[in-house]
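>>> next one to model:
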Amino acid sequence: MLAFTEPGVRKISAMVATQLLKSTLIENIMGYHAHLDPCPMLIVQPKDTAALQFSKERVAPFIKATPALRGLIGSSKTRAAGDTVDYKAFPGGFLGIVGAGSPDNLARRPIRIILFDEVDKYLPLKEGDPLLIGAERLATFESNSLDVAVCSPTITGESKIEARYSQSDQRRASVSCPDCGHRQFLDFFKHIHWDRGADGKTHKPETARIYCEACGVGWSEGQRLRALGTIRWHQTRNFECCGDLQNPLEAYSASYDIDAANGVSAVDRVWDWWASNRHAVYRAKCRHCSAWAVPNEHAGFQASKLYSPWANDAPPKMAAKWLAAVDEDGKLTFYNTQLALTYRKNTGKQIDGDTLLARREIWDAVVPDGVAKITAGVDVQDYRVEIEIVGWGRDEESWSIDHEVIDGEFSSPETRAALDAYLQRKWQRADGRIFAIGAACIDSGGHHTTAVYDFSKANLGRQIWAIKGESAQTGQRNPVWPTKRPSTRSKKTYRPTVIGVNAAKDTILLSYLPREKSGPGYMHFNVDRDAGYFAQLTAERIEIKERGGHRYRVWTLPTGRANEALDLRVYAYAALHGLMHRGFKLNREAERVNGSPRGEPDTADVTAAAEASGPSDGDTEPASEQSTTPRHRARTDRQRIGRRLA
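This is a model prediction of the structure:
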């Protein structure tokens, strides 16, 4: 409630547990502005019926019980002006209360303040995301508008409030231990403990308490409630400043023991107290230059029921609910309603973008040591082409060497010429070895299919393949590169290769990305990759679906997320498997290339690239794609003799 008058704040996202005053926040913002700063306002509920219910059960009693509002809203003058259940007029402004199910409700009038309630219950519209449609109404009041969204979260990767909170400054609350004064961010699994029976198996949730992480003293319920009076909000979003990626929560934990021994507050080392009110936010600061490194324009809040003042939300009640959550649905409910966290169903280990951002590397050359072969993935968008160059080593260890964006439509000759020149570039390793791109896969599934076909047909000899992702709606896992290919691969009968994207994503996202040590499958990234790249690389989530009694897994992209980086890696990975399908041995090549004398160029790649630059025979299959079976060799010989006679 303090944040909506905090200087600089234009957006608020509250991802908090149930019954933690989310609706009260909406009411008080509305009441404050109707009384002291009148303007056009809009409250958005999931459906029209919910909007009418909220108006009758929350807004009307709130106005009636507030003397400052009774004379402003609902008076005879405002009723004469058209005051209804879903429209409240007052001098200088109005309040609309609508459902998110109709785009007309969200887009028909300019407003200054929009208040979204229960956003995870909003259904998608044909016109787009209701949150984005509603926010567009704020354009007229850009300098002093306010966009507020509140909700308890749902499933990881699908929750709208989680997506908003992740874009905010990610404020979390600390409290002071009543016994030793140590500040801590309350966590159910870290701070709540309870007794067990003599057999060690029987749980006694009624004994659950919060235990201080510093002094180990258990708090009584009275002490917990007193601790809530010491709440301070801290920005906890990761940030990069002075060339250093910093995590405020980790920095606080690391500095606490040192500072406590010297009588210094670890909070002062990591955060600066800001604003004139003692309950205002602590701004995250850089450990090197002490600058405020996290903007406060988007204030985000997360709090579990450990911060609730209600007796029904005390630790014993929470412990009992956790013990009762025996299946995935129960755990989902507990995480969402009690912990205010999203829950990821058991679909395999995945990794987040921040973890990858923290493990970026600096290499001695463009091509790092260990690379044996280079492939490219090319993603064709409406008005740009994106390329990733990936180096591959023993056992599919990989290095993201370069990421390039070429602006322009693929149908334009200039765009294709720029891509062609880029794919012919040479890449050098620190020891002087030169690499050329061994193969490339270009997505042909967009609006430039014909142009992609033409480009690939013209470059078959360079192993630049047009590909198309499989339509695996029932979750089937086909090979990354098909085991069977068309009988002819000439320019006249050219068809794109259908790749197994589900299998490729399984390997990349579930197997290779989570690996923590260099070696087989490990994925290396250089310092040029930013947070947006890693957000795209990890955007998709596994979803369990059921059809006809059959349960299957599919990769899905949450609304509002982009996944170009993931697509690029899938295409580069498919290009490697295309080479393997034609007999290429990666480990053998790694042994050969990495064991060559220093400074010796990779003649195999350079020669192949040079030969590929010339025109290829449009009526024959490229040599790199020819079968080595005796029957095919005999057939090819007959075809060659026949052409000579002709």
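>>> C-alpha from now on. contacts and neighbour counts both.
OK.
>>> domains for this protein, by residue range?
19-151, 171-311, 355-614 (automatic domain parsing).
>>> okay, now K88: neighbour count?
23 (other Cα atoms under 10 Å).
>>> gap between it and T140?
From K88 across to T140, the span is 21 Å (Cα to Cα, to the nearest Å).
>>> swap in R226?
44 Å.
>>> likewise for D354?
35 Å.
>>> neighbour count winner among the two?
Per other Cα under 10 Å, whichever of D354 and T140 has more neighbours is D354, with 17 against 12.
>>> list the buried residues of the helix or strand that contains that one.
D354 belongs to helix 353-358 when elements are defined using DSSP states H and E. Residues 353-354, 356-357 are the ones in helix 353-358 that count as buried (16 or more other Cα atoms under 10 Å).
>>> what does stretch 111-130 contact?
Stretch 111-130 has contacts (Cα atoms under 8 Å, 6 or more residues apart in numbering) with 23, 26, 39-47, 100-103, 106, 131, 134-135, 137-138, 140-142, 144-154, 159-161, 559-560.
>>> now the end-to-end length of stretch 49-59.
14 Å.
>>> now do the contacts for C39.
Taking Cα under 8 Å, 6+ apart as the contact definition, C39 lies against 33, 92-94, 111-113.
>>> mind doing that once more with 7 Å?
33, 92-94, 112 (Cα atoms under 7 Å, 6 or more residues apart in numbering).
>>> buried ones only from those residues, please, as a ChimeraX command.
The buried residues among those can be selected in ChimeraX (16+ other Cα under 10 Å) with this line:
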select :33,93,94,112
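>>> want to try CSV for the contacts of C39, with distance to E589 as columns?
Shown next, in CSV, are those (distance: Cα to Cα, whole Å):
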residue, distance to E589
H33, 69
G92, 75
G93, 72
F94, 71
R112, 63
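>>> filter the contacts of C39 down to just the ones in strands.
If you go by DSSP state E, the contacts of C39 have 93-94 in strands.
>>> check which residues of the particular helix or strand that has D420 in it are buried.
Counting by DSSP H and E, the element that carries D420 is helix 413-423. Using 16+ other Cα under 10 Å as the test for burial, helix 413-423 gives 415-416, 419, 423.
>>> give me the contact list for it.
So helix 413-423 is contacted by 408-410, 437 (Cα under 7 Å, 6+ apart).
>>> just give the number of residues close to A311.
By other Cα under 10 Å, the residues close to A311 number 11.
>>> pLDDT wise, what is it at?
You'll see A311 listed with a pLDDT of 84.
>>> same check, this time on the one 3 residues further on
Residue-level confidence at A314 comes out at 92, pLDDT.
>>> how about the contacts made by it?
L306.
>>> now with 10 Å?
Neighbouring residues of A314 by Cα atoms under 10 Å, 6 or more residues apart in numbering: 206, 208-210, 221, 224-225, 305-308.
>>> tell me how far it lies from E221.
7 Å.
>>> ok, D199 next?
27 Å.
>>> neighbour count: the two, which is higher?
E221 (16 against 7).
>>> just the helices in the stretch 151-300 of the chain please.
160-167, 188-191, 221-228, 248-261, 266-270 (DSSP state H, counting those that start in this stretch).
>>> point out where this protein drops to low pLDDT.
Along the chain, segments meeting pLDDT under 70 span 74-82, 255-265, 276-279, 345-350, 471-475, 484-494, 546-551, 595-646.
>>> and if we set it to 50?
Within the chain, the stretches with pLDDT under 50 are 78, 486-488, 596-646.
>>> list the buried residues in the lengthiest helix in it.
The longest helix of the chain (DSSP state H) is helix 564-581. Going by neighbour count (16+ other Cα under 10 Å), the buried part of helix 564-581 is 564-579.
>>> re earlier: find residues that contact each of A314 and E221.
Listed as contacting both A314 and E221 by Cα under 10 Å, 6+ apart are 209-210.
>>> and the residue nearest to S55 when sequence neighbours are not counted, how many neighbours?
Once flanking residues are discounted, S55 sits nearest to V85: 6.3 Å by Cα to Cα, 6 or more residues apart in numbering. Residues lying near V85 (other Cα under 10 Å) number 16.
>>> got the contact list for V85?
With Cα under 10 Å, 6+ apart, V85 has these contacts: 51-56, 59-60, 96-97.
>>> among those, which are in helices?
Applying DSSP H to those, the entries found in helices are 51-54, 60.
>>> most neighbours, which of those?
A51 (22 neighbours).
>>> any idea how far that one is from G128?
For A51, the distance to G128 - Cα to Cα - is 20 Å.
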